[in-house]
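[1] please work out how this folds:
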Amino acid sequence: MATTVNRGYPYPEYTNGADFPAQVQAFATAVDTDLANNLRDPALLALDAPSVRAFRGTGTQNIPTGVNTTLQYDLLPTYDNDNMYDGTVSLTNITVQTPGVYLITGSVNLAQTGVAGGSAALIVMSSGGVVQNPVGDSREIDNDKPTSISCTTLHNVAVVPETITMFVRHNHAGALTASIAQITMTRI
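    This next block holds a predicted model:
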């Protein structure tokens, strides 16, 4: 029997005797082992990828007009398996401990004001590298219902620790309040 160059799957050569059941079984076993080692195991490991979710579900945060206001979260994270959020040190910072590419999602709800006009932006910022890497989204402010803004990005963390924060800014005539805010990061 010979084997394929890249994956090592066995196959019969012309000089081998014909034993179709044994040859098919050897091939099937090799494929099954390859799939288990190269697909299932990495997928299971991904379940334990470094992840964090910081959330503020209690109280509100004042957001003044024309000022970048870093969003704050509750004291304890919803989930954190890599020590990225410590509310006793900072209620605003996610500190990435493990290098890699991260999927970052952030959102904020701004309370209705009863007054039309203005827009708001949500920005995710990084302390890493020479140039900061802002990513975000903006939208007009609703006057009769909460305004929800969210953004999602991929971010490469090459040097750790790296601090990730999220801020909101608006140009509405008066101050706004942020009721719910969250940031979620998962290494992919």
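[2] helices or strands up against the lengthiest helix in the chain?
    The residue-count maximum for a helix in the chain (DSSP state H) belongs to helix 20-35. If you count contacts as 3 or more Cβ pairs under 8 Å, 6 or more residues apart in numbering; DSSP states H and E, helix 20-35 packs onto strand 10-11. For the C-beta atoms, the positions are set from N, CA and C on the backbone; glycine is no exception.
[3] parallel or antiparallel, list what pairs with the strand it packs on.
    Strand 10-11 has the following strand partners under DSSP bridges: strand 2-3 (antiparallel).
[4] just the CA atoms of the longest helix of the chain, as PDB, please.
    Taking Å, rounded to 0.1, in the frame of the first residue of the first chain, the C-alpha atoms of helix 20-35 are listed here in PDB:
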ATOM      1  CA  PHE A  20     -11.200  -4.300  -1.800                       C
ATOM      2  CA  PRO A  21     -12.800  -4.600   1.700                       C
ATOM      3  CA  ALA A  22      -9.500  -4.300   3.500                       C
ATOM      4  CA  GLN A  23      -8.300  -1.500   1.300                       C
ATOM      5  CA  VAL A  24     -11.600   0.500   1.700                       C
ATOM      6  CA  GLN A  25     -11.500  -0.100   5.400                       C
ATOM      7  CA  ALA A  26      -8.000   1.200   5.700                       C
ATOM      8  CA  PHE A  27      -8.900   4.300   3.700                       C
ATOM      9  CA  ALA A  28     -12.000   4.900   5.700                       C
ATOM     10  CA  THR A  29     -10.200   4.500   9.000                       C
ATOM     11  CA  ALA A  30      -7.500   7.000   7.900                       C
ATOM     12  CA  VAL A  31     -10.100   9.600   6.800                       C
ATOM     13  CA  ASP A  32     -12.000   9.100  10.100                       C
ATOM     14  CA  THR A  33      -8.800   9.500  12.200                       C
ATOM     15  CA  ASP A  34      -7.800  12.600  10.100                       C
ATOM     16  CA  LEU A  35     -11.200  14.200  10.600                       C
END
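[5] got the phi and psi for N38?
    Main-chain torsions, N38, degrees, to the nearest 10: phi -110, psi -10.
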